[in-house]
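Asker: could you look at this predicted model? Sequence included:
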Amino acid sequence: MDLTFNKNEDFNKLQVTDLKNKLLKVNKGGGTKNIEKHHEKGKMTARERIEFLLDKNAETIEIGALVGDEMYQDHGGCPSGGVVVVIGYIHGKQCVVVANDATVKAGAWFPITAKKNLRAQEISIENKLPIIYLVDSAGVYLPMQDEIFPDKEHFGRIFRNNAIMSSMGITQISAVMGSCVAGGAYLPIMSDEAMIVDKTGSIFLAGSYLVKAAIGETIDNETLGGATTHCEISGVTDYKAKDDKDALTKIRNIVAKIGDYDKAGFNRVKSINPKENQEDIFGILPKLRTDQYDMYEIIKRLVDHSEFDEYKADYGKTLICAYARIDGWAVGIIANQRKVVKNAKGEMQFGGVIYSDSADKATRFIANCNQKKIPLVFLQDVTGFMVGSKSEHGGIIKDGAKMVNAVSNSVVPKFTIIIGNSYGAGNYAMCGKAYDPRFIVAWPSARIAVMGGAQAAKVLLQIEVASLKKKGEKITPEKEAEILHTIESRYDKQTSPYYAAARLWTDAIINPLDTRKWISMGIEAANHAPIEKQFNLGIIQV
């Protein structure tokens, strides 16, 4: 161990501590006072409901915990997007659970809430996982209804997905544990089975006040759409529960009887922990995103027994392609090498940059993994493709396009871990969000942008200065430095992994030590959905 290792370790562990503190804050939802009010009504919070529903001491992963971070501040904020999404186990069966957090604006739907709910359904659809909805929501957040209601991927898409998922045979179970109003009332009824909690659950297209205003009828909400009404009169719900725990127990009993599923058949053997100390990751990963490090050392601390079989080890060295196992699952790893390497011609190649030979190698490796039905894991720390006349004349665009084509058409499940930089077209080639990874997560060290901060700031500075000069302003060196600082601060915030997680560009920011769990549970989820398409690259420039 050296001084640099120790400094890196201290810095990266502090970043993980910051992450844990942020998660502790969002886990409180709407805050202590709102939680107390919720409990006074005899109701459990969203997270308490999920904890009771899922198997004790079993692994879980949470999707979008940091969604809404520092967004909607003018509206009081929206911790976790006002909805909690967790993948866990019920009687050993992997399920997606979606629970409205009624401590946040009574569970009202913000624009990001709809996006997060659709992401939960997407995960269920892709992996054919049962999905459980724990409904407790006041419906659309009216001050922002224009951003939630009418578009293709807004609120209504959820009910469309309910219907599609039903036709696919994906189990959907709903429990109405609070308000379920207006268009939201369709969600539980479009599920396979629905239950409602007596006295606290209610379902109606319009509440008593709106009914009075619309047709002059005077009626209370319980008579209008409570548990007795829907279980005994309308037949809208299938089960009446006496309280939250009773409803959750009924769900567990239903899930316990679901039959087994057809498996995709991904290869798994007994798991072996990495031989190398996983904690070393914190010392290997540099404090500065511009510094070099050896990605092989990271891989050794993620894969079983720290062993892997490298593909074309001496060719295209800025991308590492290797077969390995993670928690027993066979995987194909594609990782950016972050240290300077020398190619066969003796030329130095920059770490984190994709060259023509690297892209060519990765394309072939992706095809091999698809042929062998091996899931792909992308470890991103990429600054982009190599530029300049030599690269352009050598066909970098053509080779990059081949790699993007292979990533796009891959039929095996893909998982993306953003370790460091994720810039420009490198984000695309290394399976960014637009390329349908089953899960995409970031370490606290991640940075996501169209280009690096230093380069972008200089470009933006030139544009800003030119604009001000056109207006007749005199730009002193001091003024230029002030403008640059403002640009750098804004750009740095936008490239933060928290900025990305807030907008669901990633599914989570995770402790690097949880990477194996995320990949393992992700492949287990993907194993529920047999591959139905053939891998086909289509037409490419050879």
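Answerer: Arrived safely, thanks for sending.

Asker: what mean pLDDT does the helix or strand that contains Glu488 have?
Answerer: Using DSSP states H and E, Glu488 maps to helix 477-495. Mean per-residue pLDDT for helix 477-495: 81.

Asker: tell me the helices and strands packed up against it.
Answerer: Helix 477-495 sits against strand 447-449, helix 453-470, with contacts defined as 3 or more Cβ pairs under 8 Å, 6 or more residues apart in numbering; DSSP states H and E. (Each C-beta comes from the backbone N, C-alpha and C, glycine too.)

Asker: report the angle between the last one and helix 477-495.
Answerer: Angle, helix 453-470 to helix 477-495, by axes from the mean of the first three to the mean of the last three Cα atoms, to 10 degrees: 130 degrees.

Asker: who are the packing partners of helix 453-470?
Answerer: helix 477-495.

Asker: CA atoms of the helix it packs on as PDB?
Answerer: Provided in PDB are the C-alpha atoms of helix 477-495 (Å, rounded to 0.1, in the frame of the first residue of the first chain):
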ATOM      1  CA  PRO A 477      -9.300  38.500 -17.500                       C
ATOM      2  CA  GLU A 478     -11.000  38.700 -14.100                       C
ATOM      3  CA  LYS A 479     -14.500  38.700 -15.800                       C
ATOM      4  CA  GLU A 480     -13.500  35.800 -18.000                       C
ATOM      5  CA  ALA A 481     -12.300  33.800 -14.900                       C
ATOM      6  CA  GLU A 482     -15.600  34.500 -13.200                       C
ATOM      7  CA  ILE A 483     -17.600  33.300 -16.200                       C
ATOM      8  CA  LEU A 484     -15.400  30.200 -16.300                       C
ATOM      9  CA  HIS A 485     -16.000  29.400 -12.700                       C
ATOM     10  CA  THR A 486     -19.800  29.800 -13.100                       C
ATOM     11  CA  ILE A 487     -19.800  27.500 -16.100                       C
ATOM     12  CA  GLU A 488     -17.600  24.900 -14.400                       C
ATOM     13  CA  SER A 489     -19.800  24.800 -11.300                       C
ATOM     14  CA  ARG A 490     -23.000  24.400 -13.300                       C
ATOM     15  CA  TYR A 491     -21.400  21.700 -15.600                       C
ATOM     16  CA  ASP A 492     -19.900  19.900 -12.600                       C
ATOM     17  CA  LYS A 493     -23.400  19.700 -11.000                       C
ATOM     18  CA  GLN A 494     -25.000  18.400 -14.200                       C
ATOM     19  CA  THR A 495     -22.300  15.600 -14.600                       C
END
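
Asker: if we go by neighbour counts, what in it is buried?
Answerer: In terms of neighbour count (16 or more other Cβ atoms under 10 Å), helix 477-495 has its buried residues at 483-484, 487-488, 491, 495.

Asker: next SSE after that helix?
Answerer: Counting by DSSP H and E, the next helix or strand C-terminal to helix 477-495 is helix 497-502.

Asker: can you mark which positions in that following helix are buried?
Answerer: For helix 497-502, burial by neighbour count (16+ other Cβ under 10 Å) applies to 497-502.

Asker: check stretch 114-128 too.
Answerer: Buried residues in stretch 114-128 (16+ other Cβ under 10 Å): 114-121, 123-125, 127-128.

Asker: neighbouring contacts of it?
Answerer: 63-64, 67, 81, 83, 85, 87, 96, 98, 109, 129-131, 148, 153-155, 157-158, 161, 164-165, 168-170, 261, 438, 504, 507, 525-526, 528-529 (Cβ atoms under 8 Å, 6 or more residues apart in numbering).

Asker: hang on, the earlier thing: wait, which of the buried residues of helix 477-495 is closest to Asp192?
Answerer: Comparing the buried residues of helix 477-495 against Asp192 with Cβ to Cβ places Thr495 closest, at 42.8 Å.

Asker: where do the helices sit along the stretch 1-150 of the chain?
Answerer: Counting by DSSP state H, counting those that start in this stretch, the stretch 1-150 of the chain has helices at residues 3-26, 32-40, 46-53, 111-127.

Asker: could I get the ones you listed as JSON lines with distance to Lys342 and mean pLDDT?
Answerer: As requested, those are exported to JSON lines (distance: least, Cβ to Cβ, whole Å; pLDDT from 0 to 100):
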{"stretch": "helix 3-26", "distance to Lys342": "23", "mean pLDDT": "96"}
{"stretch": "helix 32-40", "distance to Lys342": "58", "mean pLDDT": "94"}
{"stretch": "helix 46-53", "distance to Lys342": "52", "mean pLDDT": "98"}
{"stretch": "helix 111-127", "distance to Lys342": "41", "mean pLDDT": "96"}
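
Asker: of all the ones you listed, which lies closest to Asp294?
Answerer: Counting by Cβ to Cβ, Asp294 lies closest to helix 3-26 out of the helices of the stretch 1-150 of the chain; the figure is 12.3 Å.

Asker: excluding its backbone neighbours, what's nearest Met71?
Answerer: Of all residues not flanking Met71 in the chain, Ala502 sits nearest, at 5.6 Å (Cβ to Cβ, 6 or more residues apart in numbering).

Asker: for Val450, see how far away the one you found is.
Answerer: Noted for Ala502: a distance of 18 Å to Val450, by Cβ to Cβ, to the nearest Å.

Asker: ok, now Ile189?
Answerer: Per Cβ to Cβ, Ile189 is found 44 Å from Val450.

Asker: compare the two (neighbour count), which wins?
Answerer: Set side by side, Ile189 and Val450 show more neighbours around Ile189, with 18 against 12, by other Cβ atoms under 10 Å.

Asker: find me the pLDDT at the more buried one, would you?
Answerer: Confidence score, pLDDT, at Ile189: 84.

Asker: please apply the same query to Pro143.
Answerer: pLDDT recorded at Pro143 is 85.

Asker: try the one 4 residues further on
Answerer: Here, the pLDDT recorded for Glu147 equals 87.

Asker: which SS class is the closest residue to Phe159 other than its chain neighbours?
Answerer: Excluding the flanking residues, the one nearest Phe159 by Cβ to Cβ, 6+ apart is Tyr186, at 4.9 Å. Three-state call for Tyr186 (DSSP: H, G, I helix; E, B strand; the rest coil): helix.

Asker: what is the neighbour count of Tyr186?
Answerer: 17.

Asker: so it makes contact with Asn161?
Answerer: No - between Tyr186 and Asn161 there is no contact under Cβ atoms under 8 Å: 11.5 Å.

Asker: in this structure Ala344 contacts Ala313, no?
Answerer: No - with contacts counted by Cβ under 8 Å, Ala344 stays clear of Ala313, the gap being 11.9 Å.

Asker: so for those two, which residue has more residues nearby?
Answerer: Taking neighbours as other Cβ under 10 Å, Ala344 and Ala313 compare with Ala313 leading, 12 against 9.

Asker: and the pLDDT for that one?
Answerer: If you check Ala313, the pLDDT there is 96.

Asker: go on, Ile366?
Answerer: pLDDT, Ile366: 98.

Asker: surely it and Leu376 touch.
Answerer: Yes - the criterion here is Cβ under 8 Å, and Ile366 meets it with Leu376 at 6.6 Å.

Asker: so between these two, which is more surrounded?
Answerer: For the pair Ile366 and Leu376, the greater number of neighbours falls to Ile366 (27 against 24), based on other Cβ under 10 Å.

Asker: got a list of what that one touches?
Answerer: Counting by Cβ under 8 Å, 6+ apart, Ile366 has contacts 332, 334, 376, 403, 406-407, 410.

Asker: quick check: the two most widely separated of those?
Answerer: Maximum pairwise distance in those, criterion Cβ to Cβ, is 13.9 Å, between Gly332 and Met403.

Asker: who's more crowded, these two?
Answerer: Met403 (28 against 24).

Asker: what packs against the strand or helix carrying that one?
Answerer: In this structure, Met403 sits in helix 396-409 according to DSSP H and E. Secondary structure elements in contact with helix 396-409, counted by 3+ Cβ pairs under 8 Å, 6+ apart, are helix 356-372, helix 424-429.
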